[in-house]
Structures are given as C-alpha cells and as structure tokens.
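>>> using only what follows, build the 3D model:
(one chain, ligands or ions: 1)
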Amino acid sequence: MHRSFFPEMESNRLNIMVAYPGASPQEMEEGVTTKLEEALKTISGIEEITSTSAENFSTIYVECYTDEDIDEMLTKVKNAVDGVNGLPIASEQPLVVKNEAGRIYGLIVERGMDGFSTPEMHGKLSLRASATGELIFDNVRVPKSNILPGRSGLGAPLSCLDSARFGIAWGALGAAMDCYDQALRYSKERTQFDVPIGSFQLIQKKLAEMITEITKAQLLTFRLGELRNDGKATSAQISMAKRNNVEIALNIAREARQIHGGMGITSEYSMMRHMANLESVLTYEGTHDIHLLITGMDVTGIPSFTRDLPK
Ligand SMILES: Cc1cc2nc3c(=O)[nH]c(=O)nc-3n(C[C@H](O)[C@H](O)[C@H](O)COP(=O)(O)OP(=O)(O)OC[C@H]3O[C@@H](n4cnc5c(N)ncnc54)[C@H](O)[C@@H]3O)c2cc1C
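Numbering: from 1, shown residues only. All right, here's what the predicted structure looks like:
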C-alpha cells in the first residue's frame, strides 16, 4: 500500500490530504483510518479529520489551524502518519533486477525481509511533502515466488516507466500552466510607473514565449496520447516529451518568478515551489541527460550510454 502526502497551506491553515492508492475501503477501515485518526487527534490545533474510500483508493483529509511554525505542524502530522502502518511508505518494493545471465526480471522485496531496510532520506529541498526512502540491501534472500510472472526482459519495466513518464510529461505541463497563469494575472494587477507591468514589452515577451512553449508542449503531449491510445507510442517518443516538458516548465517557473519581482520568492505564490519540485522531476524517471541520449540513440541507432576508459 503506497501513500502520498499533499499539504496545502493558506496563511496558518493547513489542509493535508493523505492518499492511499491501491487501498480498499476495508483495508483502510481495519488497518489505517481509525489508528491514524487516533494519532492525529493527539496533536493540538487539528480541527477536522475526514476520510473517504473508493473501491481502490482511500484518502484522509486533515484540516488544522496553527499559530506554530507551519513546518513544525507539518512534521508533527507527518510523524503521526508515518507512525501508523510502519511507513515510510510501501509494504512491498518492486525492483527491476538482472540475473547472472544478464536477464532482466521484476522482483518484489517485502518489508521485514532480513537485510532489507528503507531509512527515510532527510534534508531534501525538493518534493519535501513526500517521504523518500533509501533502499538498502544487505544479503537479502528473496524467494523465487517473488519473481513477477509472465514477462522478462526490459519490455516489462519499460512499459511501466513509459506510463509514469507520460504522466510526468502532463504533470510538468500543469506546473508550467500554473506559473504562466499566475504571471499573466500578476502582470495585469501590478503597476509600476503608473501602468500595469504587463504593458511593458519585456514582460509581454516573457508571457508570449511562455504560452508558445506551453502550446507546443500541449500539442506534443496530446499527440503522444493519441499514439498511446492506438498502442503506437514508442519509449523514445515518451522520453522526448518528458524531457521537453520538464525543461520548459522549469524555464517558465523561473520567468514567472521574475515577473513577480521580490514577491516571487515568497510562498504566497507557487513558482518557487514548482521550481524546487521540478528539480527532482528533472532527475527522476530518467535524468534529463539520459533522455537526451535516448533520443540520440533513437535517431542514430547508436547507444552512447557506456564508455570504455583508456587503460
Ligand atoms: C525525489 C526523488 C524520488 C525518487 N524516487 C524514485 C523511485 O520511486 N524509484 C526509483 O527507482 N528511483 C527514484 N529516484 C531515483 C532517481 O531515479 C535517480 O536519482 C536517477 O535515476 C539518477 O540516478 P542517480 O541519482 O544515481 O544519479 P547518477 O546515475 O549518478 O547520475 C549523475 C549524473 O550523471 C549523469 N549520467 C549518468 N550516467 C550517464 C551516462 N551514461 N551518460 C551521460 N550522463 C550520465 C546523469 O544524467 C546525472 O546528471 C528518486 C529520486 C528523487 C530525487
């Protein structure tokens, strides 16, 4: 059962959604909801705890009001959530592994197996609301029954990565659109020298370039979606979209931040949050450079991932 953690802050009010994709209502009721509610009730300042469950997805909403430092409150809630169900996070970890013969398989490693641990990483300056764990393997013995049946080779993990990367391409676009939307509104509201800053050509240049890049990326990703619906999208095409959209989103976040002047560095606007989070997105699910090399290999037919160093 995986967990995601989404805080949203408005002044000193904190709305937190803890989502459990893959959790049935019964699993939630028996395993998590009651315990979590009990743990959260011990924290002062929490006003309301509600939960909803659909067939395969459960969420818990926490609404609280705090005069304390908002990060401190967030940490308290996170600790309460982590304390229930032995998080962080997953009870099982799927891995892509290679055997001695060089064949690739999917493998499930379970929490509690000897030698397997997942200490939480601290000090992250990006995607701070979600817990990230290191995976440590010390002579872990995994039974053969944990090898995922049906498929071996790189095709199976790639099909999973393709879906994730396609989703990321849209997600990065969403961040870019949010930054553009805020910058456009701010440029009409903020006046300098008695006129809205949106009337200056240099601001209009930024906005025009943002919307151009967003439109190009939307078309790229929309077409990719059509190809995927027809079962024709290739992994290399998905790499191109993921790489492009994250890059334009980061550039747009930076330009939108500039349009907001000094206000742009505050948490009142979301550009800096997007910028920090997009730095992770630039690296995970295939780094920016590796996706470039995938496109390079796609067009030349020559892989350039490995290098024989001179002896
Ligand atoms: C917040 C966060 C969450 C994550 N979650 C997950 C997760 O759920 N599951 C998971 O499996 N991983 C996850 N990752 C790990 C992520 O996928 C890796 O960090 C990423 O693949 C890069 O690997 P690395 O950090 O070992 O960097 P390295 O592989 O050491 O790369 C360092 C740099 O060298 C470059 N480089 C490496 N090899 C080459 C090459 N052959 N040619 C040219 N350049 C090269 C890279 O592009 C990069 O710029 C997560 C990472 C972050 C930051």
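
>>> could you pull out the strands for this protein?
With strands called from DSSP state E, the chain shows them at 4-10, 13-21, 46-54, 57-65, 92-98, 104-110, 116-117, 136-137, 191-192, 195-196.

>>> next, count neighbours for residue 92.
When counting by other CB atoms under 10 Å, one arrives at 12 neighbours for residue 92. All C-beta atoms are positioned from the backbone trio N, CA, C, and that covers glycine.

>>> what of the one 5 residues further on?
Using other CB under 10 Å, residue 97 is surrounded by 13 other residues.

>>> likewise for the one 10 residues further on?
Using other CB under 10 Å as the criterion, residue 107 is surrounded by 16 other residues.

>>> repeat that for residue 219.
Quick note: residue 219 (other CB under 10 Å) scores 10 neighbours.

>>> need the residues of the stretch 51-200 of the chain near the ligand, please.
Residues of the stretch 51-200 of the chain lying close to the ligand by CB under 6 Å from any ligand atom are 127, 132.

>>> let's see 8 Å
Taking CB under 8 Å from any ligand atom as the contact definition, the stretch 51-200 of the chain meets the ligand at 124, 126, 127, 130, 132.

>>> which secondary element of the protein has the worst mean pLDDT?
Using mean pLDDT, DSSP states H and E, the weakest-scoring helix or strand in the chain turns out to be strand 4-10, at a mean of 58.

>>> for beta bridges, what are the partners of the closest residue to residue 146 other than its chain neighbours?
Leaving aside its sequence neighbours, residue 146 sits nearest to residue 108 (CB to CB, 6 or more residues apart in numbering; 4.5 Å). Using DSSP bridges, the bridge partners assigned to residue 108 are residue 94.

>>> residue 108: neighbour count?
Count around residue 108 with other CB under 10 Å applied: 15.

>>> would you list every one of the helices in the stretch 51-200 of the chain?
In the stretch 51-200 of the chain, the helices defined using DSSP state H, counting those that start in this stretch lie at 70-83, 155-189.

>>> rank the ones you listed by pLDDT, which is bottom?
The weakest mean pLDDT among these belongs to helix 70-83, with a mean of 68.

>>> for residue 182, which residues are in contact?
256, 260, 269, 270, 271 (CB atoms under 8 Å, 6 or more residues apart in numbering).

>>> pretty sure the last one contacts residue 255?
No - contact status for residue 271 versus residue 255: not in contact, 9.0 Å apart, counting by CB atoms under 8 Å.

>>> if I look at the two, which residues touch both of them?
179, 183.

>>> neighbour count for those two, which is higher?
residue 271 (25 against 21).

>>> end-to-end on stretch 141-160?
End-to-end distance for stretch 141-160: 25 Å, by CA to CA, to the nearest Å.

>>> ok, and what's touching it?
94, 96, 103-110, 113-115, 235.

>>> hmm, try it at 7 Å
Contacts with stretch 141-160, where a contact means CB atoms under 7 Å, 6 or more residues apart in numbering, come from 96, 103, 104, 105, 106, 107, 108, 109, 113, 235.
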